[in-house]
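Peer 1: Would you be able to build a 3D model of this:
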Amino acid sequence: MKLTRLIRHRDLLILIGLTALLIGFTAFSVVQQQRAIDSNVSFASYSAAPTGAQGLYDWLNALGYRTERLDVTPLDYSRAQVLIVLPGETDFSLQDAHRVLDWVSQGNILIYGDDTPFNRTALSKLLDVDVEYSPYNRLGVVTQPFLSDMSQTLTMNGNAQLSPNRNDYVIHLVSQSDSDHTDNQAPVLISFRQGLGRVFMTSAPDLFTNYRLADAGTAALVRGLFGTVPKQSVVLFDEAHRQNPNATESSLLNLIYTTPWGRGLLLAGLVCFAYLALNGRRFGRVMPLPAEITRRSPAEYAVSLADLFRRANKQTAVLEHYRQQLKRRLARPFGLDATLPDDEFVGLLRQMRPDLDAGALTQTLRALHVPAGGRVSEAQLVQLAAEASKAFIKA
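Peer 2: Sure, this is the predicted structure:
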């Protein structure tokens, strides 16, 4: 009995199992994609992760600046007064680096972060500043505070220091080990003039991340970089050299294979196919299409209607129908009353149409009128109908 009941509910059990499989697969895809996104959001202005920079983006906007993202090529900095370049997946080309410095020389500000030791990027080459390894990566000491109430120390994280090959720079922040009290300090934030503009370069870009900006000292330091920037100025975040995992893919196949909803569609298709394969036999055999039925012709309708009138002995009704139709056809152009007696009707019609053969029309109308109780043979009916048809044509 239990086995019979289980077989009876087999379809329901299959559907529940496939639905659970679909939910599990979709959840797994979401988790895997989220892990991939989290591993690629460092310093991204669209990321709210601890290593992202969305907090800086929103904070500057709340302070009165107009924050925007530059994520398309060709690169256009003309609308901005401040450009923030944080580490990304790709480097600037030498041509783009020259364009950036030309833009800075016009009186704008570049904030550039690079935390990879011994990596001479196109920008660092043109700025003539190297990035080297440093063991002093725990404690930051402010040497040139931007604000009077700025904290003198702050926490950092990194293993790089700046080694400028120029002597026109100002050191704003140095790093040292939290257990080292010597004077051996390494610069991690410097600034220098570039034409009419200014460049801030740091080997500790984590100062701009969401996690570090939660510290009041770090926030005050970052806020000081914008001390000379007027409100409503455009602050541009460079995202063109970063792979945005949230960007829309141009390939439909990529969307299907790499997004949760695309994989869900694939699995849903497999579920539907499996269900049809298991239950397809219930569709039964293919039924032949019904044969096309030829429509009846108008002539067949007329013949059938005439046969019905003949069987019912309605010859007098047919003649009366012809008589009324003839009078209505003649009276319509002149607005006459078709129910008038025949002699009066023909007299009025003769006044309207002098060319009318009044005698022939009177004779036809009288022939079509059969007194009550009178009978007409089928031969007479056909003859009178032919005469009425001729009168119709003349009318």
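Peer 1: give me every residue that touches residue 210.
Peer 2: 47-56 (Cβ atoms under 8 Å, 6 or more residues apart in numbering). From N, CA and C alone the C-beta is placed, and that goes for glycine too.
Peer 1: neighbour-wise, which of these leads?
Peer 2: Tallying neighbours with other Cβ atoms under 10 Å puts residue 53 at the head of the contacts of residue 210, with 29 neighbours.
Peer 1: Can you verify my assumption that that residue contacts residue 209?
Peer 2: Yes: between residue 53 and residue 209 a contact is recorded at 6.0 Å, counting by Cβ atoms under 8 Å.
Peer 1: Any stretches of the stretch 151-300 of the chain with poor pLDDT?
Peer 2: 151, 177-184, 243-259, 279-286, 291-294 (pLDDT under 70).
Peer 1: where do the strands sit along it?
Peer 2: Using DSSP state E, counting those that start in this stretch, the strands found in the stretch 151-300 of the chain span residues 153-155, 160-164, 169-176, 186-194, 197-202, 234-238.
Peer 1: Just the angle for the longest one relative to strand 169-176, thanks.
Peer 2: With axes from the mean of the first three to the mean of the last three Cα atoms, to 10 degrees applied, the angle from strand 186-194 to strand 169-176 works out at 160 degrees.
Peer 1: packing partners for strand 186-194?
Peer 2: helix 94-105, strand 160-164, strand 169-176, strand 197-202 (3 or more Cβ pairs under 8 Å, 6 or more residues apart in numbering; DSSP states H and E).
Peer 1: what's the overlap in contacts for residue 53 and residue 209?
Peer 2: Joint contacts of residue 53 and residue 209 (Cβ under 8 Å, 6+ apart) are residue 43.
Peer 1: So the closest residue to residue 124 other than its chain neighbours versus residue 327, what's the distance?
Peer 2: Nearest non-adjacent residue to residue 124, counting by Cβ to Cβ, 6 or more residues apart in numbering: residue 114, 6.0 Å away. Applying Cβ to Cβ, to the nearest Å, the value for residue 114 to residue 327 is 107 Å.
Peer 1: Likewise for residue 65?
Peer 2: 94 Å.
Peer 1: again with residue 381
Peer 2: Taking Cβ to Cβ, one finds residue 381 at 19 Å from residue 327.
Peer 1: Compare neighbour counts for the two and give me the winner.
Peer 2: Neighbour totals were compared for residue 381 and residue 327, and residue 327 leads with 23 against 19 (other Cβ under 10 Å).
Peer 1: nearest residue to that one other than its sequence neighbours?
Peer 2: Here the residue nearest residue 327, using Cβ to Cβ, 6+ apart, is residue 338, at 4.2 Å.
Peer 1: any idea which element the one you found lies in?
Peer 2: Following DSSP states H and E, there is no helix or strand that holds residue 338.
Peer 1: Pretty sure it sits against residue 323.
Peer 2: No: if you go by Cβ under 8 Å, residue 338 and residue 323 don't touch, sitting 9.9 Å apart.
Peer 1: With neighbour numbers in mind, choose between the two.
Peer 2: Ranked by neighbour count (other Cβ under 10 Å), residue 338 and residue 323 place residue 323 first, with 21 against 15.
Peer 1: returning to that earlier point: the residue nearest to residue 124 reaches residue 130, doesn't it?
Peer 2: No: when contacts are counted by Cβ under 8 Å, residue 114 is not listed as touching residue 130 (9.7 Å).
Peer 1: what residues do those two have in common as contacts?
Peer 2: Joint contacts of residue 114 and residue 130 (Cβ under 8 Å, 6+ apart) are residue 124.
Peer 1: higher neighbour count, the two?
Peer 2: Higher neighbour count among residue 114 and residue 130: residue 114, with 25 against 18, using other Cβ under 10 Å.
Peer 1: so what's the more buried one up against?
Peer 2: Residue 114 neighbours (Cβ under 8 Å, 6+ apart): 87, 121, 123-124, 131, 160, 201-203, 205.
Peer 1: which of those sit farthest apart?
Peer 2: Within these, 123 and 160 form the most distant pair, 15.0 Å apart (Cβ to Cβ).
Peer 1: list the contacts for residue 379?
Peer 2: Here residue 379 is in contact with no residues (criterion: Cβ under 8 Å, 6+ apart).
Peer 1: so it is in which element?
Peer 2: Secondary-structure element containing residue 379, defined by DSSP H and E: helix 378-394.
Peer 1: if I pick residue 324, what's in contact with it?
Peer 2: Contacts of residue 324 (Cβ under 8 Å, 6+ apart): residue 338.
Peer 1: Could you name the specific helix or strand carrying it?
Peer 2: Using DSSP H and E, residue 324 sits in helix 315-331.
Peer 1: Now for the closest residue to residue 352 other than its chain neighbours, how many residues are close by?
Peer 2: Distances taken as Cβ to Cβ, 6+ apart place residue 334 nearest to residue 352, at 4.6 Å, with adjacent residues excluded. For residue 334, the count of nearby residues is 11 (other Cβ under 10 Å).
Peer 1: now do residue 305
Peer 2: Count around residue 305 with other Cβ under 10 Å applied: 10.
Peer 1: that older thread, from what I see, the residue nearest to residue 352 and residue 351 are in contact.
Peer 2: No: Residue 334 lies out of contact with residue 351 (Cβ under 8 Å); the separation is 9.2 Å.
Peer 1: which residue packs closest to residue 134, ignoring adjacent ones?
Peer 2: Counting by Cβ to Cβ, 6+ apart, residue 134 lies nearest to residue 161, which is 3.6 Å off, once chain neighbours are set aside.
Peer 1: And that neighbour, how far from residue 261?
Peer 2: According to Cβ to Cβ, residue 161 and residue 261 sit 46 Å apart.
Peer 1: higher neighbour count, these two?
Peer 2: residue 161 (23 against 13).
Peer 1: what pairs with the more buried one across the strands?
Peer 2: Residue 161 has these beta-bridge partners by DSSP bridges: residue 132.
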